[in-house]
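S.K.: Quick check, what structure comes out for this input:
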Amino acid sequence: MATTGQKVKYILSQRAYVKLVLHAFKYQSLAVNGVLIGRLRNAGDGGESADPKGNREVVVEDAVPLFHGQLALLPMLELALMQIESYASTENLSIVGYYHGNERYDDVDFGNVGSRIAAKIADYFPDACALL
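M.R.: Sure thing, here's the model as predicted:
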């Protein structure tokens, strides 16, 4: 969680955005989900877009589609998250969030599965985001 007086800004790269949108478009009548990988950037990290007030930025660099249709496949989810974490660490990235798309456009709830996945990611990365 952000400490008192600090806010977290989320920056979604074009690559991540395109991947999650294409995942949803490919399976229009099914629920889809995936994880977001990126890094935490503090104001002191340099870079022209670092926040001068000292607030943190989470830069989402990529999206990794997980499932469509059946989202509650626990053994497959655990294996997928281990593989994604292994890949991300080789690129100096972390799992920084979760995305979820329901099969109906008017359904604006993560549901039990989505909420639990997002909460578990937040246990390991306190500034994690969840996109619906």
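
S.K.: what residue ranges in the chain score low on pLDDT?
M.R.: Counting by pLDDT under 70, the chain has low-confidence residues at 1-5, 43-54, 71.

S.K.: residue boundaries of the helices in it?
M.R.: Using DSSP state H, the helices found in the chain span residues 14-26, 74-90, 111-124.

S.K.: And the first one, what's buried?
M.R.: Looking back up the chat, that one is helix 14-26. By 16 or more other CB atoms under 10 Å, the buried positions in helix 14-26 come out as 16, 19, 20, 23, 24. Yep, even glycine has a C-beta here, placed from its N, CA and C like the rest.

S.K.: name the helices or strands packed onto that helix?
M.R.: For helix 14-26, the elements it packs on are strand 32-41, strand 56-68, strand 94-101, judged by 3 or more CB pairs under 8 Å, 6 or more residues apart in numbering; DSSP states H and E.

S.K.: Reformat these as JSON lines; add distance to residue 10.
M.R.: Output for the helices and strands packed on helix 14-26, formatted as JSON lines (distance: least, CB to CB, whole Å):
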{"stretch": "strand 32-41", "distance to residue 10": "9"}
{"stretch": "strand 56-68", "distance to residue 10": "5"}
{"stretch": "strand 94-101", "distance to residue 10": "8"}
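
S.K.: Reformat those strands into JSON lines and put mean neighbour count next to each item.
M.R.: Supplementary listing: these in JSON lines, determined by neighbours: other CB atoms under 10 Å:
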{"stretch": "strand 32-41", "mean neighbour count": "22"}
{"stretch": "strand 56-68", "mean neighbour count": "20"}
{"stretch": "strand 94-101", "mean neighbour count": "24"}
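
S.K.: Could you point out which of those strands sits nearest residue 88?
M.R.: Among the helices and strands packed on helix 14-26, the nearest to residue 88 by CB to CB is strand 32-41 (4.7 Å).
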